[in-house]
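# Generate a structure from the sequence data that follows.
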Amino acid sequence: MYVVSGVLWPGDDRAGDLFSDAAVLAALVAVEAAWLDALVLHGVAGPDARDHLTGLVGPDDVPALGHDAEAGGNPVIPLLKLVRKRLKARNPAAAEWLHKGLTSQDVLDTALVLCLRDALRQVRDDLRGQIASLVRLADRHRDTAMAGRTLTQHAIPITFGLKAATWLTGVLDARDRLAALDLPLQIGGAAGSLAAPVALTGSPAVVRDLIETVGSALDLRVREPWHTARSPFTGAADALVTCTDAWGRIAGDVLVAARPEVHELTEGAVEGRGGSSAMPNKQNPVLSILIRRAALAGPPLAALMHTAAACAVDERPDGGWHVEWDTLRTLARRTAVAAGQTTELLAGLRVETAWMTANLTAARPGIDAEQRSIAPGAASYRGATDQIIDAAIARAKE
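Predicted coordinates:
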């Protein structure tokens, strides 16, 4: 059961159960179950120790586990105590072999990777919808003239199709950054040497096979222990912020263009959205406001992940590791929320072409100053607009 925390982060429910306490708990159990199964499959534990650990813990256990986690500093310790207690009643052999050869960081890091993967899957789905909307906007409005603006002032005439293509480029960069992410399994034992697993099996080669089996079960790539080399998590944080950067740039343009005196873009109308508690005349661009909020909040969270990675000491950091967990969860959920809001914004965005024409006309003759100085007799001053739009659209289809 996930209790929505969206009173102070409106829209949080768009992230659903992603990275909720219940989801983290389920991921922790999934890692323990995969390791236990691998021990049995490779003959390290007897066949009677096999147990998928289903039904032993659930959402109702979250409050107690959250409370008890303080004593050891992480949630794996009380979780194991609870699972062993309940497992002994149905499978004593499994209870004896549970977690043997692992350490808390192995389980928690890998569980975070599983939760992160689910969040990234939702973000990728939204990116596909955004890309489709932006391709349509760029192509449909390649000839829709408007005033280009630099440093808040009129620059030269452009088309809205060109603006949409630049939005598209940012979203495509975010898509590619996510696609390049590496989210591997993390198993290193107490200090990253795999000492306990090797002692259990008598062979580093067998341990490698064990880890490969766990990776296959969880659908995670296997690599050497990264318990103090945190680039998988800092890389994920950077990729998430690349997304919110791109969406924030779009939202910023919409917020400027939605001003009544500009009125070139309007958010899609949804009953009950955008109102004011005191001024019935208002129609606030709420989606863009909330997207920009996420873009402002994301970079400090990613920076905190980098700070934690840089402050890692010894074979398990004292505080640096601990600060990652909720920071990563918060960044992932907020990005997933902004992803859904951006998808909705772009799908319903209204392009006020008449206002674009009127604003461009009002900006003349000043806005044509560059053309007059460079190509006064030219019938068109659009440069490579069509080629830029076509290149963005072609990249979107890759």
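# Mind listing what's buried along the lengthiest helix in the chain?
Across the chain, the helix with the greatest residue count (assigned by DSSP state H) is helix 104-140. Residues 104-120, 122-123, 126-127, 129-131, 133-135, 137-138 are the ones in helix 104-140 that count as buried (16 or more other Cβ atoms under 10 Å). Where C-beta positions appear, they are placed from N, C-alpha and C, glycine not excepted.
# host element of residue 228?
Residue 228 is part of no helix or strand when elements are defined by DSSP states H and E.
# can you pull out the helices in the stretch 1-150 of the chain?
21-41, 62-72, 76-90, 92-97, 104-140 (DSSP state H, counting those that start in this stretch).
# what does the stretch 151-300 of the chain give?
Along the stretch 151-300 of the chain, the segments classed as helices by DSSP H, counting those that start in this stretch run 160-179, 195-201, 204-218, 231-257, 286-310.
# residues in contact with residue 148?
Neighbouring residues of residue 148 by Cβ atoms under 8 Å, 6 or more residues apart in numbering: 154, 155, 156, 157, 158, 367.
# And for the last one, the neighbour number?
It stands for residue 367. When neighbours are counted by other Cβ atoms under 10 Å, residue 367 registers 20.
# Leaving aside the residues adjacent along the chain, what's closest to it?
Of all residues not flanking residue 367 in the chain, residue 154 sits nearest, at 4.6 Å (Cβ to Cβ, 6 or more residues apart in numbering).
# Distance of the one you found relative to residue 361?
Remark: distance between residue 154 and residue 361 (Cβ to Cβ, to the nearest Å) = 12 Å.
# now do residue 79
Separation of residue 79 from residue 361 (Cβ to Cβ) stands at 67 Å.
# And for residue 128?
To residue 361, residue 128 is 38 Å away according to Cβ to Cβ.
# And the pLDDT at residue 368?
We note a pLDDT of 96 for residue 368 in this prediction.
# Surely it and residue 157 touch.
Yes - the pair residue 368 and residue 157 passes the contact test of Cβ atoms under 8 Å, sitting 7.3 Å apart.
# More neighbours: those two, which one.
Taking neighbours as other Cβ under 10 Å, residue 368 and residue 157 compare with residue 157 leading, 19 against 16.
# give me every residue that touches the more buried one.
145, 146, 147, 148, 360, 367, 368, 381, 382.
# Now, those residues that are in strands?
Those of the contacts of residue 157 mapping onto strands are 145, 146, 147, 148, per DSSP state E.
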